[in-house]
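# pasting the sequence and the predicted model now:
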Number of protein chains: 2
Amino acid sequence: MPEVDGRLMDDTQPERAMGEGRAIVYRAIGRVENDFDEPAPPPEIRAVESRIVIDPSLAEGLKGLEPGRRMMVVFCFHRSQGFDLLQHPRGDRSRPRRGVFALRSPRRPNPIGVTVVDLLAVEENVLRVRGLDAINGTPVLDLKPA
Amino acid sequence: MPEVDGRLMDDTQPERAMGEGRAIVYRAIGRVENDFDEPAPPPEIRAVESRIVIDPSLAEGLKGLEPGRRMMVVFCFHRSQGFDLLQHPRGDRSRPRRGVFALRSPRRPNPIGVTVVDLLAVEENVLRVRGLDAINGTPVLDLKPA
C-alpha cells in the first residue's frame, strides 16, 4: 500500500466499493502557503493572498502564465477523511441533503478541489494568487488556463 | 509499485524530479463512453454526446444534478505518456512554445483533465453530456457543479 497524501486506499476504506478501478497515482507539483493552518470557511480563505510554491524542477512549465489573468488550480483536499454520498450544503442542516457530486464539499470519493483564482504575480517558481480556498500545506496537482 | 491507470510512478519516469512528494492515490468513480476509441482533436470529441457511467455504488451522489445545467468533469488522461515542460500550443510548431501549465495539453506532469460540459440527462447511474473532450474508456475522477 503506497504512502499517500490523500487517503490510504486499502480495503478498510469506503473505496472498497470502487475496488474494480485501479489506482491512479499523482504527485504534488507544489504546495499552497498561506495563514490558514486549519480548515476555515471558503470565503475567508479565498479573501487572502496565497502563494503556490512549485517544485523548482517544474518552474519552466509556468512560462506564459500572465499576472492579471485567471487560472485554474487543481489540488488535493489532503485533510479530508471519508465522505457521505448525501450531504447538507455547506454543512447547513436546515438545507436538504444533496449528492456529493452536486456539491463542492471536500468530503468526496476522490478529494480533489478545483478553483479558479486571480493570478497576481509570478516570481520564478512562486505564484501569488487570490481566490484560492485551500489551506496552508495543500498539495497542488495541476495548473491550467481558466 | 501500484498498478496505475495514469502512469507507472517509478524511478525511471520523469516524476523522479518530483520524488520529494508522496503519492496521491485516487480511483475512478466511473468511465466515459463514446465513439472515440483513439485520441482526436478536442473540438471533434466535444461535438458528440458522451455517456459517463458512474459506479452504481456511488449513484446516490448524483442527486441534485440537474439536466440543462453545466457541470465540471475531472478525469484522467489515461493514454497520455510523459510530458514536456514547454510545448507548442495544440502541437502547432508555427506557434512559440509555452509552459505546460499555461496549456491544456494532456501531456502534463499529472495527466488530469478538467472540462465543463452540458448535462443533458441523468438516468440512474448514467449521465449523458455534451462538450466533453475525453475518449472512450477515460477514467472519471470527480464531478462538481460548474
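Cool, got the structure.

# who does A:K144 form a beta bridge with?
A:M72 (DSSP bridges).

# contact partners for it?
A:71-72, A:74, B:101, B:103-104, B:114 (Cβ atoms under 8 Å, 6 or more residues apart in numbering or on different chains). Every residue, glycine included, has its C-beta placed from N, CA and C.

# not counting sequence-adjacent ones, nearest residue to A:P42?
Nearest residue to A:P42 in three dimensions, chain neighbours excluded: A:D133, at 3.9 Å (Cβ to Cβ, 6 or more residues apart in numbering or on different chains).

# report the secondary structure element holding the one you found.
Under DSSP states H and E, no helix or strand contains A:D133.

# ok, the longest strand along chain A near chain B or not?
The strand spanning the most residues in chain A, taking DSSP state E as the definition, is strand A:112-123. Yes: applying Cβ under 8 Å from any Cβ of the partner chain, one finds strand A:112-123 touching chain B at A:112, A:114.

# quick one: buried residues of that strand?
Judged by neighbour count (16 or more other Cβ atoms under 10 Å in any protein chain shown), strand A:112-123 contains these buried residues: A:112-115, A:117-119, A:122.

# now do stretch A:57-72
Within stretch A:57-72, judged by 16+ other Cβ under 10 Å, the buried ones are A:57-65, A:71-72.

# equivalent analysis for stretch A:38-47, please.
Buried residues in stretch A:38-47 (16+ other Cβ under 10 Å): A:42, A:45.

# hmm, who's touching stretch A:114-121?
A:46, A:49-50, A:65-75, A:127-134, A:146, B:72, B:74, B:114, B:144.

# again, 10 Å this time
A:42, A:45-46, A:49-52, A:62, A:65-75, A:104, A:127-134, A:141-144, A:146, B:72, B:74, B:112, B:114, B:142, B:144 (Cβ atoms under 10 Å, 6 or more residues apart in numbering or on different chains).

# for chain A, give me the ranges with low pLDDT.
In the predicted model of chain A, residues A:1-21 satisfy pLDDT under 70.

# what does the residue lying farthest from the centre of it show for phi and psi?
Distance from the centre of chain A peaks at A:S94, with 26.8 Å (Cα atoms, centre = their mean). Backbone torsions of A:S94, given as degrees, to the nearest 10, read phi -80, psi -10.

# quick one: contacts for it?
So A:S94 contacts A:H88 (Cβ under 10 Å, 6+ apart).

# state the distance from it to chain B.
For A:S94, the distance to chain B (Cβ to the nearest Cβ, to the nearest Å) stands at 16 Å.

# what ranges do the helices span in chain A?
Ranges of helices in chain A, per DSSP state H, are A:42-47.

# for it, which segments count as strands?
Using DSSP E, the strands of chain A run over residues A:23-27, A:30-33, A:49-54, A:70-76, A:86-87, A:98-99, A:112-123, A:126-130, A:139-145.

# packing partners of the fourth one?
So the one you mean is strand A:70-76. strand A:30-33, strand A:49-54, strand A:112-123, strand A:126-130, strand A:139-145, strand B:23-27, strand B:112-123 (3 or more Cβ pairs under 10 Å, 6 or more residues apart in numbering or on different chains; DSSP states H and E).

# which of the ones you listed sits closest to B:D37?
B:D37 lies closest, by Cβ to Cβ, to one member of the helices and strands packed on strand A:70-76: strand B:112-123, at 17.1 Å.
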